[in-house]
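Q: This is a predicted model, with the sequence first.
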Amino acid sequence: MPKNPALARLPGFRDFPPEDLAVRSHIFRAWREACRRYGFQEYDGPPLEPLDLYTEKSGEEIVGQLYAFRDRGGRHVALRPEMTPSLARILAERAQALPKPIRWFSIPQLFRYERQQRGRLREHFQWNADIVGEAGVGADAEVVALAVDALRILGLGPQDFRVRVSHRQLVSALLLGSGVAPDKLPVAFGVVDKLERESRQRSLDRLRQECGLGVSEAEAVLQLFESSDLERAAEVHGEDPEVAGALADLRSLRQVLDEMGMGPFVEFDLRIVRGLAYYTGMVFELFDRKGELRAVCGGGRYDRLLELVGGEPLPAVGFGMGDVVLGELLAERNLIPSYRRAVDLFVAAVSEAQRELLHRIVAAQRAAGKSVVYPLRHQPLRRQLATAAAEGAERAVLLGPGEVERGVAKVRDMATGREVEVPLQALLAGKGGDGDGNA
RNA sequence: GUGGGCGUAGCUCAGGUGGUUAGAGCGCCAGGUUGUGGCCCUGGAGGUCGCCGGUUCGAGUCCGGUCGCUCACCCCA
């Protein structure tokens, strides 16, 4: 706690001391490794953007939570709350010249002025991965598989999380086919989104009162969305070409994921809606199995967005995965590696007389690529070794008057305590730091 | 944005019904002779008890407000 409260960390923002940064890096490494395996390239953009980039296309939820202000030039600007608009702009400028499909990813820090809660801060890092320029379900499957694989790299399995997949057009066609008027669609989507959190009766009431459905129609809609497979939708609305097309896509998506061995992670659930306005096809969210945490990841197909931002009409599909909820899930499953410091060498001098030699050896070993620390002022050898252990040194070089006189030094293996003598010549040549006495 | 719970050292926590200079363990720093870490011994730093105000002779203990954290709702990443 700082002495001056005015200097305290802002609510919803995080400091990252080394132990915490290590966790973050661990997650980033997995994200980048998954992207490498899938052939995705990393990009980034500015954290501060013109306010209009978001007010135009992002929808009111996001706009209402922007960190927005005027800069010194009088421009209306905002800290980026999501990455997709920036991606759309970047691609609007150069998508034409890029080979398709474009597989790009980024790990931006995003900002939203919201009341903070577990899993929801005012700032987070969000892995964004998108495939642009491919409209087929192959791209949808690839993107879902990428999200799943990143979590597998982190050690999570089918017992830990699942992907729930839905389809905007399918849901839309099913609602229309069930008697919902086109202008009531947004409200109906809202009801579907809340199906899990509101009572069945409340949902029925809302379908009737807010969406203008009759009793039997409302009941039929509920049964449609309560079933976990798509059979009922196919039976009841299979003749509708919109429904048939979307169902074919979803089946095909499922097949690809099954062939990749990801079947155990994937299930269909038409109650997944996603808040963002710009999704046009498949949508998915990734949840922990216990259902205790917020969604770890969400995404889908957004074929119109790039066009809306003034670019080429390019189909796109992608997702965002935040570091906060994922970190909580990993912690809960004990999948965060314990933090430990580590250096290759600690160089200790028994007395001040070996100080000059110590500096020469330290420099030589560092030049040879070793990580090396040493006491910045003289201390008893006992303390130096304690420090070496605390620094996580693999080996300690001990410079004492006796050995130095004979042109050697002891190299101690900190784990076993075994010591070997190594010629000073070797140490000064950047060798011998591995405890190889013959170096 | 709405409502509930919580707020004592870096961390985990003690501090019956208000009573002197607020404690412990761990961690941190230093010492235990210029030759050997994990153990041990000694000493030390570190808290305006989240903050502001009120009640009282006296408040870490009671009351109000505020800020922060947290849970649920809202919403969403």
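A: Great, that's in hand.
Q: So in chain A, which strand runs the longest?
A: Identified as the longest strand of chain A according to DSSP state E is strand A:123-132.
Q: Quick one: mean pLDDT for that strand?
A: Rounded to a whole number, the mean pLDDT of strand A:123-132 is 94.
Q: Same check on stretch A:355-370?
A: Confidence over stretch A:355-370, taken as the mean pLDDT, stands at 95.
Q: And for the closest residue to RNA strand B within the stretch 251-400 of chain A, nearest residue in space, chain neighbours not counted?
A: For the stretch 251-400 of chain A, the residue positioned closest to RNA strand B under CB to the nearest atom of the strand is residue A:400, at a distance of 2.4 Å. Yep, even glycine has a C-beta here, placed from its N, CA and C like the rest. Taking CB to CB, 6 or more residues apart in numbering, and ignoring the residues beside it in sequence, residue A:400 has residue A:350 as its nearest neighbour in space, at 4.0 Å.
Q: Wait, that neighbour touches residue A:403, no?
A: No. Applying CB atoms under 8 Å, one finds residue A:350 not in contact with residue A:403, separated by 9.1 Å.
Q: anything in the longest strand of chain A near RNA strand B?
A: Yes. On the criterion CB under 7 Å from any atom of the strand, strand A:123-132 is in touch with RNA strand B at A:123-124, A:126.
Q: low-scoring pLDDT stretches of chain A, where are they?
A: With pLDDT under 70 as the threshold, chain A has low-confidence stretches at A:1-6, A:56-63, A:275-277, A:309-311, A:436-439.
Q: Outline the domain layout of it.
A: Using automatic domain parsing, the domain ranges for chain A come out as A:9-332, A:343-428.
Q: circling back: mind checking which of the residues of strand A:123-132 next to RNA strand B are buried?
A: For the residues of strand A:123-132 next to RNA strand B, burial is judged from neighbour counts taken by 16 or more other CB atoms under 10 Å, and it is met by A:123-124, A:126.
Q: Please identify which of these is nearest to RNA strand B.
A: Checking those against RNA strand B by CB to the nearest atom of the strand gives residue A:124 as the nearest, at 3.3 Å.
Q: Pick out the residue of the stretch 51-200 of chain A closest to RNA strand B.
A: Of the stretch 51-200 of chain A, the residue with the smallest distance to RNA strand B, taken as CB to the nearest atom of the strand, is residue A:118 at 2.7 Å.
Q: ok, the residue nearest to residue A:366 when sequence neighbours are not counted - contacts?
A: In this structure, residue A:366 finds its nearest non-sequential neighbour in residue A:372, 5.2 Å apart by CB to CB, 6+ apart. Neighbouring residues of residue A:372 by CB atoms under 8 Å, 6 or more residues apart in numbering: A:343-347, A:362, A:365-366.
Q: what is residue A:372 paired to in the beta sheet?
A: Residues found in beta-bridge contact with residue A:372 (criterion: DSSP bridges) are residue A:345.
Q: so how far is residue A:71 from residue A:11?
A: Distance from residue A:11 to residue A:71, counting by CB to CB, to the nearest Å: 23 Å.
Q: my bad, residue A:369
A: Using CB to CB, one obtains 44 Å as the distance from residue A:369 to residue A:71.
Q: mind checking which of the domains of chain A is nearest residue A:435?
A: Smallest distance to residue A:435 across the domains of chain A (CB to CB): 4.6 Å, for domain A:343-428.
Q: Next, the distance between the ends of the closest one.
A: Length of domain A:343-428, first residue to last, CA to CA, to the nearest Å: 18 Å.
Q: Tell me the gap between it and the middle of its chain.
A: 41 Å (CA atoms, centre = their mean, to the nearest Å).
Q: show me the contacts for residue A:427.
A: Contacts of residue A:427 by CB under 8 Å, 6+ apart are A:361, A:364-365, A:397, A:409, A:433.
Q: at 10 Å what do you get?
A: Taking CB atoms under 10 Å, 6 or more residues apart in numbering as the contact definition, residue A:427 lies against A:345, A:347, A:357, A:360-362, A:364-365, A:368, A:397, A:399, A:408-409, A:411, A:433, A:439.
Q: Would you mind naming what in the stretch 151-300 of chain A lies close to RNA strand B?
A: A:190, A:193-194, A:197-198, A:274-276, A:294-295, A:297-298.
Q: picking up where we left off before, write a PyMOL command that selects only the buried members of the contacts of residue A:372.
A: Applying 16+ other CB under 10 Å to the contacts of residue A:372 leaves a buried subset, and the PyMOL line that selects it is:
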select buried, chain A and resi 344+345+346+347+362+365
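Q: Widest-spaced pair of the contacts of residue A:372?
A: A:346 and A:366 (12.7 Å).
Q: Return every residue with contacts to both of those two.
A: By CB under 10 Å, 6+ apart, residue A:346 and residue A:366 have these common neighbours: A:372-373.
Q: State the number of residues packed around residue A:23.
A: As a burial measure, the neighbour count of residue A:23 was computed by other CB atoms under 10 Å and equals 17.
Q: Just the element for it, please.
A: Assignment of secondary structure by DSSP states H and E places residue A:23 within helix A:18-37.
Q: mind listing what's buried in that helix?
A: Buried positions in helix A:18-37, judged by neighbour count with 16+ other CB under 10 Å: A:22-23, A:26-27, A:30-32, A:34-35.
Q: What of stretch A:148-162?
A: For stretch A:148-162, burial by neighbour count (16+ other CB under 10 Å) applies to A:148-152, A:154, A:156, A:160-162.
Q: Secondary structure and distance to residue A:417 added to those residues, as TSV?
A: Putting those into TSV (DSSP: H, G, I helix; E, B strand; the rest coil; distance: CB to CB, whole Å) gives the following:
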residue	secondary structure	distance to residue A:417
A:148	helix	46
A:149	helix	43
A:150	helix	41
A:151	helix	41
A:152	helix	39
A:154	coil	36
A:156	coil	39
A:160	coil	41
A:161	strand	44
A:162	strand	49
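Q: Pretty sure residue A:44 sits against residue A:106.
A: Yes. Between residue A:44 and residue A:106 a contact is recorded at 5.4 Å, counting by CB atoms under 10 Å.
Q: Identify the contacts common to these two.
A: When CB under 10 Å, 6+ apart defines a contact, the residues bordering residue A:44 and residue A:106 alike are A:83, A:86, A:90.
Q: The nearest residue to the first one once chain neighbours are set aside: what's it in contact with?
A: Looking back up the chat, that one is residue A:83. Setting aside the residues directly before and after it, residue A:83 is nearest to residue A:128 in space (CB to CB, 6+ apart), at 4.4 Å. Neighbour list for residue A:128: A:31, A:43, A:82-84, A:86-87, A:104-108, A:110, A:299, A:318-321 [criterion: CB under 10 Å, 6+ apart].
Q: if we go to 7 Å?
A: A:83, A:105-106, A:108, A:318, A:320 (CB atoms under 7 Å, 6 or more residues apart in numbering).
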